[in-house]
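Engineer: sequence below, structure please.
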Amino acid sequence: MSYIRPASQVEIAAGVLTDVAVSPKNLKDNVWFQGGNTNGSLKNFGTTDSFDIPFIRGGSELMRLTSTGLGIGLTNPAVKLEVDSGTTDVSGLRLTRLLSTSATSTGGPIGVDANGNIVRISTGGSMSSFTLAGTSGTNQTISDGNTLTIAAGTGITTTGGATDTVTVALNATLDNLTDVVISSPSTNQVVQYNGSNWVNATLTPSAFTLAATSGTNQTITAGDTLTVAAGTGISTTASATDTVTIALNATLDNLSDVIITSPSNGQVVKYNGTNWVNATDTTSATNGLQIVSNNVELGGTLTQSTTTIAMGTNALHFTQSTGAKIGVATASPNSGFDINTSVSVGAITTFTSSVGTPNYTATATDYLILVDAALASSIINLPAATGVARREYVVKKIDSSANTVTLSGATTNIDGASSYVINGQYNAIKVKSNGTQYFIY
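Structural biologist: This is a model prediction of the structure:
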């Protein structure tokens, strides 16, 4: 602890009392004043221990002197002088009197390394001389400081660029080529080889012979006009690109094997043994089909052993007039559809139920469903009666077990009930939809 008394200072250190005189001169020689000092000789500024010296302004530190160096904008400089501007890619260091327009002097360039250190950059030294050679002429030696000129020759231009670049471009004409000789060219001339050089010349076409399947051959020479004439059923059109378009412009009657005489509505073209002619066709086809008044009708006598009608995805139906009947194997049908022969109706499906798969849903292609319920009782689900009016199903139990076969109408009833149970081997049920529900019959 120190006490100051007029004109003296008492220091107590380690139990020893020391009286140090304090005078204006003593203060002047040992302190730094805010307004500046008149030292008269070299004076030290700093510390005698290992503590850093920070420089603050407005309560914030702007610079620090450490044992390593001086840091501006940071507290731990890694080199003698380190500046941190606080902004990426901005050095924070400016040489106010040294500008990009200042005069140059001898010396080496400087830059920054990967850590931001200012380093001297190698320029690679001065350029060694080299020899410039061409396909002809005298070789030239290019030394440091020389100017290398890339001159433009015949058909070539050279352009210097701002980025140490010279662009060499072709600017030639045919006549600049060494194997081409052009002399007073005229319109429509071509370049033709004369055995030594390519020269401009006027081509004279050779004559050629034009031949046809009949008539006299014609010789076409330079200056002639070749006419492509239009005959029967043919049109010809010349266009601006030296082209003649030949097109078919014929009718049936233009064909050599067709004779059309006063055609009428609904007639066909039919072969008469010599030519194709127009005629009214009422002749029955060999499969029993005939054309009458533009309609295809089923009639006549079938002369083929098998007749196939391909429907694709279309429905096949017969439209009957009132009282009309269709007979199969009978000439005198007694009903709307009278079959006087054996009949094969519907598909046969055998379904074997199991514990994992006890049920089956009837499809549009099913008719007779044989159910083997020996392993588990089974439910046969019928499609909704709506939309399948007149469809029939026959369901028969074929096993001897006590398991049952239940016929379910899904959302519709069977004879007014939601289901029907079949017990006993070989018992069966036949149902038919009226479009609303199924009926047993």
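
Engineer: can you list the weak-confidence ranges in the stretch 51-200 of the chain?
Structural biologist: 123-127 (pLDDT under 70).

Engineer: ranges for the strands of it?
Structural biologist: 53-57, 60-65, 70-72, 81-83, 110-112, 118-120, 130-132, 140-142, 156-160, 166-170, 180-181, 190-193, 198-201 (DSSP state E, counting those that start in this stretch).

Engineer: so what's the residue count around Val405?
Structural biologist: Val405 is flanked by 28 other residues according to other Cβ atoms under 10 Å. All C-beta spots, glycine's among them, are computed from the backbone N, C-alpha and C.

Engineer: dump the residue contacts of it.
Structural biologist: Counting by Cβ atoms under 8 Å, 6 or more residues apart in numbering, Val405 touches 371, 373, 377-380, 395, 397, 421-422.

Engineer: winner for burial among the strands of the stretch 51-200 of the chain?
Structural biologist: strand 70-72 (a mean of 18; mean count of other Cβ atoms under 10 Å).

Engineer: so Pro205 belongs to a helix, correct?
Structural biologist: No. Under DSSP: H, G, I helix; E, B strand; the rest coil, Pro205 sits outside any helix and is assigned coil.

Engineer: chain neighbours aside, what residue packs nearest to it?
Structural biologist: Ala222 (5.1 Å; Cβ to Cβ, 6 or more residues apart in numbering).

Engineer: likewise Gly416?
Structural biologist: Nearest one to Gly416, counting by Cβ to Cβ, 6+ apart, is Gln437 at 7.5 Å.

Engineer: contact partners for the one you found?
Structural biologist: Going by Cβ under 8 Å, 6+ apart, Gln437 touches 385, 409, 412-416.

Engineer: same question, Thr157
Structural biologist: Thr157 neighbours (Cβ under 8 Å, 6+ apart): 168-169, 171.

Engineer: partner residues bridging it?
Structural biologist: Ala169 (DSSP bridges).

Engineer: how many residues are close by Ser353?
Structural biologist: Ser353 has 22 neighbours, counted by other Cβ under 10 Å.

Engineer: residues contacting Met63?
Structural biologist: Taking Cβ under 8 Å, 6+ apart as the test, what Met63 contacts is 54-55, 70-73.

Engineer: quick one: which of the residues you listed is nearest Ala240?
Structural biologist: Of all those, Ala240 sits closest to Gly73, with 79.8 Å by Cβ to Cβ.

Engineer: so what's the residue count around the residue nearest to Pro205?
Structural biologist: 9.

Engineer: that one is in what secondary structure piece?
Structural biologist: Counting by DSSP states H and E, no helix or strand carries Ala222.

Engineer: got the domain boundaries for this protein?
Structural biologist: 1-31, 49-90, 254-282, 284-316, 347-440 (automatic domain parsing).

Engineer: what secondary structure does Thr237 sit in?
Structural biologist: strand.

Engineer: is it true that it touches Ala230?
Structural biologist: No. Thr237 lies out of contact with Ala230 (Cβ atoms under 8 Å); the separation is 9.1 Å.

Engineer: now the helices: where do they sit in the chain?
Structural biologist: Here the chain has its helices, by DSSP state H, at 24-30.

Engineer: contacts only, for Val394.
Structural biologist: Per Cβ under 8 Å, 6+ apart, neighbours of Val394: 346, 367-369, 428-430.
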